[in-house]
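**Q** sequence plus predicted model, see below.
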Amino acid sequence: MFWSIFGLITGIKLLFLPAYRSTDFEVHRNWLAITHSLPISKWYVEATSEWTLDYPPIFAYFEYALSNFAKYFDENMLKVNNLNYESNETIVFQRLSVIITDIVYAIGAKRCITQMSPIASKQRILSAVLLGNFGLLIIDHIHFQYNGILFGILLLSIAYMCEEKFLKSAFCFAVLLNMKHIFVYVSPVYIVYLLKVYCWHSSSLQRAMLNLTKLGMITIGVTVVSFGPFIHQMPQVLSRLFPFKRGLCHAYWAPNLWAIYNVADKVASISLGSVSNSSNTGGLVQEYSHQVLPVIQPHMTFMVTMLAMIPCIMKIAFGAYDRSTNKFDFVRGIVICGCTSFLFGWHVHEKAILMTVIPLSILMTINQSEYKHMGFLSIVSYFSLFPLLFKSNLVVIKISLLMTHILIISNGRGSIWPSECHKRIFPIHELLYIIGLIGLLFYELCLQYLLKLDRRLPFLPLLLTSVYCSMGIIYFWLKYYVMFLFSANTSNKNTRKDKKLN
C-alpha cells in the first residue's frame, strides 16, 4: 500500500519535469559546476555567479556526488562560467535527481508510519499525507530544491529515536545539521531528550558517562568529516553559512511575527508621514531600517527564539519519564521548536514551515487533537506557499493540490474515527479563518484587477497573504504550545485509549 502510493506520487512528480523553475534551479546547477570543476579549497571562495555555495559541507559533497552522474547527461552544465545554463538534458537530470533522492524521504516516512501506528487505516492516511506533502511537491518538484532528502534524514532520525536506537538517531541528525544548518533550531530537543533518556536514565553513572561519550564521538566525528577539509577557511565558510546582512525578512516574507511587525512599522510611518524611499514591504532580499519601530538585529531574534523555546525544553527535560509515551513528546518538541524558530528567527525562508508541518504530520493519527492541529496548520501553511508559484498557468495546479490535501484531511478522520465522520473537524472560528483564505485568493486572482490596484499596489497580495497566514500560524503555535505544556499527559492517555479501541 505504502509503495503503491509512493509510485503514484512519483508519477505526478514526473509530470512536473517541464514546469516552471525558480532561480534555485540555477543555484543548484552552479553548485554542481563548482564542486565538480574546482578543487575543494575553492568551493566556498568561488563567486563567478551571485548564487554562491552557502550550505554546509556535507551538502556540498552531495552536490559533488550528483555531478559525477550529471556529466553523462550534459558536461556543459558543469562549467562554472555557463551561467543560467538550461539545456533539456540539464533540466531532465536535475529534475530526476530530486525525484530519485526522494527515496530517502520515503524510507524515513515508512519507518515513522510503522512507529506511529500498526493500524492499516491510519497508515493509509499517514502515507498519503507524508508522501503527497503539498509543500515538498511545489517547492522541490516545481520551484526546485532538495528538501525531500533533508526531511527524509530527519524522519529517519525521528524513527530511530522512537525505536530507541539512539546512536543511529544522533548520527542521522548530525549528518542533517551538516547538510542544512537551519535544523540547528530543533537541536535543543535532541540534546535534552538524549541526555535524559539515553544518559540520565542509564543503569549506572558509569554507563551514563559511556553513553555520553558515544554521543560526543558521533557528533564530533561527523563534524570533523564535514568541516575538516575547510579548517583553514572557517571564517570564509561561516560567512557563507550565516549571511546576516541579508536582512530580517526573506523575499516576500515568511508569514511570521516579523511580517506583522513590518506592516505595523509601515502603517505607523504612513500615519506619521515619515515614509522613506526604501521599503520593507517590497518583497526583496536586502537590509532595511524600520522607520518608526525599533530596528531588529540578528541577536535580538536569536534571544527571542531561545527564550520562547525554554518552556518546551524544560518540559522535555523535567517531565515525567514514560518510555511508552515520551517519544510523542519528543516529536512535539520538534514541532514546537521548529514553529518557534519560524515565527521569531532571522531571515526565515517561507519553506521553513515544513520543519513544523512534517513532524506534526507524523503525530496526526495518534489522537483527534493532534489530527485537528495538523489539519489547521497544514492548510494555512500550504496556502502561505502559494506566492512561490506566481505564474498564472500554475494557479490550477496549486489550487488542485491544496484541495486534494484538504479532501484527504477531511475524509481521513472518518476512516480512522467513524463515529466522528459527521462532526465538524474545525471549531467555527477556525473554519471562518480558513474561509478567509478563499477571500484572499479571490482578491489576488480577480478583485485587484477589477479595482485596478494590480499596478498601484503590486505587492499587496503578498502582504495580505503573509500577514493573514502569520496570524493563523501564531494562533496554532500558542494553542499547541499550551496543549503540550498543560495537557500532554492527558493527550498521552488518549493515545493509549485510542490504541485499545483500535
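**A** Okay, I see it. Numbers count the residues shown, from 1 in each chain.
**Q** give me the contacts around stretch 42-61.
**A** Here stretch 42-61 makes contact (Cβ atoms under 8 Å, 6 or more residues apart in numbering) with 23, 26-27, 30-31, 34-35, 38, 80-81, 83, 175, 177-181, 222, 225-227, 229-230, 233, 236-237, 240-241, 243. For glycine as for every other residue, the C-beta is placed from the backbone atoms N, C-alpha and C.
**Q** now with 6 Å, please.
**A** 27, 30-31, 34-35, 38, 80, 83, 178-179, 181, 226-227, 233, 236-237, 240 (Cβ atoms under 6 Å, 6 or more residues apart in numbering).
**Q** with stretch 474-491 instead?
**A** Here stretch 474-491 makes contact (Cβ under 6 Å, 6+ apart) with 311, 315, 329, 332, 336, 339, 373, 377.
**Q** just how off-centre is that stretch within its chain?
**A** Centroid separation between stretch 474-491 and its chain, computed with Cα atoms, centre = their mean, to the nearest Å, is 20 Å.
**Q** give the buried residues for that stretch.
**A** Neighbour-count burial for stretch 474-491, with 16 or more other Cβ atoms under 10 Å as criterion, is recorded at 474, 475, 476, 477, 480, 481, 483, 484, 488, 491.
**Q** what mean pLDDT does the helix or strand containing residue 334 have?
**A** The secondary structure element spanning residue 334 is helix 326-344 (assigned by DSSP states H and E). Averaged across helix 326-344, the pLDDT comes to 96.
**Q** give me the helices and strands touching it, please.
**A** Helix 326-344 sits against helix 187-193, helix 298-318, helix 354-363, helix 460-501, with contacts defined as 3 or more Cβ pairs under 6 Å, 6 or more residues apart in numbering; DSSP states H and E.
**Q** now do the contacts for the closest residue to residue 355 other than its chain neighbours.
**A** Distance criterion Cβ to Cβ, 6 or more residues apart in numbering; nearest residue to residue 355, sequence neighbours excluded, is residue 338 at 3.9 Å. Contacts for residue 338 (Cβ under 6 Å, 6+ apart) come out as 186, 355, 356.
**Q** where in this structure is pLDDT low?
**A** For the chain, the stretches with pLDDT under 70 are 245-246, 250-252, 274-289, 488-502.
**Q** the residue nearest the centre of it and residue 88, how far apart?
**A** Centroid check for the chain by Cα atoms, centre = their mean gives residue 354 as the closest residue, at 2.6 Å. Distance, residue 354 to residue 88, using Cβ to Cβ, to the nearest Å: 30 Å.
**Q** what does residue 3 give?
**A** Per Cβ to Cβ, residue 3 is found 30 Å from residue 88.
**Q** from residue 421, how far off is the residue nearest to residue 355?
**A** Using Cβ to Cβ, residue 338 is found at 31 Å from residue 421.
**Q** repeat for residue 125
**A** In terms of Cβ to Cβ, residue 125 sits 13 Å off from residue 421.
**Q** more neighbours: which of those two?
**A** residue 125 (23 against 13; other Cβ atoms under 10 Å).
**Q** element containing the more buried one?
**A** Using DSSP H and E, residue 125 sits in helix 120-131.
**Q** what residues sit buried inside that helix?
**A** Buried, per 16+ other Cβ under 10 Å, within helix 120-131: 121, 122, 123, 124, 125, 126, 127, 128, 129, 130, 131.
**Q** number of nearby residues for the closest residue to the fourth one other than its chain neighbours?
**A** Leaving aside its chain neighbours, residue 124 sits nearest to residue 1 (6.2 Å; criterion: Cβ to Cβ, 6+ apart). Close neighbours of residue 1, defined as other Cβ under 10 Å, add up to 10.
**Q** repeat that for residue 410.
**A** So residue 410, with other Cβ under 10 Å, has 13 neighbours.
**Q** give me the nearest residue to it, chain neighbours excluded.
**A** Spatial nearest neighbour of residue 410, excluding adjacent residues (Cβ to Cβ, 6+ apart): residue 425 at 6.4 Å.
**Q** one step back: just the buried ones from the contacts of stretch 474-491?
**A** Buried members of these, counted by 16+ other Cβ under 10 Å: 315, 329, 332, 336, 339, 373, 377.
**Q** so can I have a markdown table of those showing distance to residue 269?
**A** Below are the buried ones among the contacts of stretch 474-491 laid out as a markdown table (distance: Cβ to Cβ, whole Å):
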| residue | distance to residue 269 |
| --- | --- |
| 315 | 40 |
| 329 | 44 |
| 332 | 40 |
| 336 | 34 |
| 339 | 29 |
| 373 | 36 |
| 377 | 32 |
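**Q** of all those, which comes closest to residue 113?
**A** Residue 113 lies nearest to residue 332 out of the buried ones among the contacts of stretch 474-491, by Cβ to Cβ, at 17.5 Å.
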